[in-house]
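Undergrad: coordinates for the following, if possible.
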Amino acid sequence: MGRHSLPDEDGAVAPDPRPRNRGRTVAIATALVLTVAAGTAVAVRGDLLSFGASCRDDAVELDVVAAPDIAPALQAAADDAREKEVTSDGSCIDVRVTARDSYKVADELRTGKGDPQYEVWVPDSELWLQRVGLGGKQGRVTPAGNIASSLVGMAMVPSAAESLGWPEKTYSWPELTGAAMKDDKLRLGAADPARSATGLLALAKLSASAGKSGGKGGDTQAAGMAKALSSRTSDSDTQLVDTLARDASGAEQGNPRRNQALIISEQAAFTHNASAGEENSLDMFYPEDGSPRLDYPYTLVQDDELSTDQSRAALRFMTLFGDDEGRALLEEHGFRTGAEDPSAKLVTAAGGRTPQPYAAEAGEPPTEKELQETLGMWTITVQSARLSTVVDVSDSMGEFVPGQNRSRMEVTKSSLLQALAGFTDEDEIGLWEFATLLDGERDYRKLVPTQRLGDRKGDGTQRDEVSEAFSDLAPIPGGATGLYDTTLAAYKEATSGYASGKFNAVVVLTDGVNQDPGSVSRSNLIKQLENLSDPKRPVPLIAIAVGPNTDKEEVVQIAEATGGSGHQVDDPAQIHAVILKAIMEAGSHG
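TA: Numbering: from 1, shown residues only. Purely as a prediction, here's the structure:
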């Protein structure tokens, strides 16, 4: 890489390696533009940067945390920069790279635990930046651009790929996944979507494709595939590759614990093939309905706390991946680096071959909402859920929703029925309703016990009973919101009836603040909820405040006492999405 000159102001940020016409790029952070790019440009114009000179001052130290797959490439660039005395503002840059799983870093930054001891983070996907944004205590992250990319597809040992007609035959995601899982002869593995961008992006694409082709049945198809995949899921992409059977070994081919097909990135297949030998190499299928893309956002962490020297050094290091030598280094590690078609050498090394559509555009990435819904579906489909649903039936639930000819209660019921359709027969759902003095001196009434939806109940099932109970909910004339006593009673029952191996939670829907003067106080409620909560038997409270008369701070405080989350929605139609988001957020800690 030699002693580089800093690019001019227009080229100060490394190019986004994704196709320019995809309609969505990672924005260059405002803070970076103002404090770094502009400042560096001034320095260049003032001839303050003498990149060809020896280091004049102590080196600027920069700590970078990166996804394990790209960390070796970053380390190689850091070593080269140190050897060639690459400088920023006249001082050498001393970059130290640490490999860490992206989901672990995202959860650390989302919860705000500890003080990050790194200035730059390079996860494998922008979705982890979205994950950080879910937390109210999150550490600040500022994306500056993308330095590499890698498509996600399905790689197979040669005998398995040949059985599916590789490379001539192409498949959509549902077709390919279905073909791989139609019997036990071909075992398909994937990384946990809660911990792997590869797994989550593939599942989101699978869900979207199944939905387009199958209508309402597409959701069932996607859930069924998620359930099947869960039995062969690994915690990380690295562990996933370790489950691969060696094609030349008949013993391993017959080992039911070994996989013959994997949902992995092109770069992971490239790395495996580099050392596997021809007999144990992988052949890569690129689905014809689009391969999701890992996009490696170069991200500043708490950039408002970085010194000017650190900010400039961070930008300086990023520019190294925008020139010919930097791109060549990334390609040597199996990454794509530009909008043009990938090199045939890279694709071939990863196991791809024409007519597999490896050069096709990946299409629009999933939205944040789609990712939340996908991960929520994964959590409740794979882990199964036990949810006690507690619904406010106070008089105010009869008020009309602005802009709609329906009451809050009618829209709430519709949203609950929509949510119910997303649960499997293995999930357990129950229902309480509450309003002041609803049942004698109690503010709540149990309508349906929390039981398995597939259980038979008379002429129907638990699902039928819950569905009917949702439909029959109605506001109580004169009833007020007895929130505190109800929440405490429901939480006590849920924790005492904890179901091991399931996602246990209490979902409380209310359109007002507590209006029962004889109830426990908020501080006393929070204290009791904290005492009941057990991290080893987690039962997060998901509290949803519906409408303008609610107090979001109240539901947040109450929910956080249990490790759960509080939310406020203006329209009850948003309840379904909020429940999935809350399940995803809580389930990601499992």
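
Undergrad: use CA for all of it now, contacts and neighbours both
TA: OK.

Undergrad: report the buried residues of the helix or strand hosting residue 369.
TA: Using DSSP states H and E, residue 369 sits in helix 368-378. By neighbour count with 16 or more other C-alpha atoms under 10 Å, helix 368-378 contains the buried residues 370-378.

Undergrad: of the residues you listed, just say which sits nearest to residue 242.
TA: For these, the closest approach to residue 242 (C-alpha to C-alpha) belongs to residue 378, at 23.1 Å.

Undergrad: surely that closest one meets residue 225?
TA: No. Using C-alpha atoms under 8 Å, residue 378 is not in contact with residue 225, being 10.1 Å away.

Undergrad: low-confidence stretches in this structure?
TA: Along the chain, the parts satisfying pLDDT under 70 run over 1-57, 134-139, 181, 183-185, 211, 213-221, 247-255, 549, 584-590.

Undergrad: which residue ranges make up each domain of it?
TA: The chain breaks down into these domains under automatic domain parsing: 9-146+295-337, 151-293, 384-587.

Undergrad: of those, which is nearest residue 351?
TA: Nearest to residue 351 among these is domain 151-293 (4.2 Å), distances taken as C-alpha to C-alpha.

Undergrad: start and end of that closest one, how far apart?
TA: End-to-end span of domain 151-293 (C-alpha to C-alpha, to the nearest Å): 4 Å.

Undergrad: any idea how far it is from the chain center?
TA: Taking C-alpha atoms, centre = their mean, to the nearest Å, one finds domain 151-293 lying 19 Å from the centre of the chain it belongs to.

Undergrad: got it, and stretch 146-165?
TA: Using C-alpha atoms, centre = their mean, the distance from the centre of stretch 146-165 to the centre of the chain it belongs to is 22 Å.

Undergrad: now do stretch 290-303
TA: Distance of stretch 290-303 from the chain centroid (C-alpha atoms, centre = their mean) equals 13 Å.

Undergrad: packing partners of the helix or strand where residue 106 lies?
TA: Taking DSSP H and E as the criterion, residue 106 maps to helix 102-111. Judged by 3 or more C-alpha pairs under 8 Å, 6 or more residues apart in numbering; DSSP states H and E, helix 102-111 is in contact with helix 127-132.

Undergrad: partners of the helix or strand that the helix it packs on is followed by, with directions?
TA: Counting by DSSP H and E, the next helix or strand C-terminal to helix 127-132 is strand 141-146. Next to strand 141-146 in the sheet, as set by DSSP bridges, lie strand 297-301 (antiparallel).

Undergrad: for residue 335, see how far away residue 311 is.
TA: Residue 311 sits 26 Å away from residue 335, going by C-alpha to C-alpha.

Undergrad: which of the two has more neighbours?
TA: Just comparing residue 311 and residue 335: by other C-alpha atoms under 10 Å the higher neighbour count belongs to residue 335, 30 against 24.

Undergrad: which residues touch the more buried one?
TA: Neighbour list for residue 335: 148-150, 267 [criterion: C-alpha atoms under 8 Å, 6 or more residues apart in numbering].

Undergrad: could those go into a markdown table alongside neighbour count, secondary structure and distance to residue 519?
TA: Listed next are those as a markdown table, based on neighbours: other C-alpha atoms under 10 Å; DSSP: H, G, I helix; E, B strand; the rest coil; distance: C-alpha to C-alpha, whole Å:
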| residue | neighbour count | secondary structure | distance to residue 519 |
| --- | --- | --- | --- |
| 148 | 27 | coil | 57 |
| 149 | 27 | strand | 56 |
| 150 | 25 | strand | 56 |
| 267 | 25 | helix | 59 |
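
Undergrad: which members of the residues you listed are the farthest-apart pair?
TA: Using C-alpha to C-alpha, the pair of the contacts of residue 335 lying farthest apart is 148 and 267, separated by 10.6 Å.

Undergrad: picking that back up, tabulate the buried residues of helix 368-378 (CSV), appending distance to residue 339.
TA: Listed next are the buried residues of helix 368-378 as CSV, based on distance: C-alpha to C-alpha, whole Å:
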residue, distance to residue 339
370, 25
371, 25
372, 28
373, 30
374, 28
375, 29
376, 33
377, 33
378, 32
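
Undergrad: if I look at residue 440, how far off is residue 149?
TA: 63 Å.

Undergrad: next one: residue 572
TA: From residue 572 to residue 149 the distance is 39 Å (C-alpha to C-alpha).

Undergrad: now do the contacts for the residue nearest to residue 96 when sequence neighbours are not counted.
TA: In space, and not counting its chain neighbours, residue 96 is closest to residue 63: 5.0 Å by C-alpha to C-alpha, 6 or more residues apart in numbering. Contact analysis of residue 63 by C-alpha under 8 Å, 6+ apart lists 95-98, 117-120.

Undergrad: I am finished for the moment; much appreciated.
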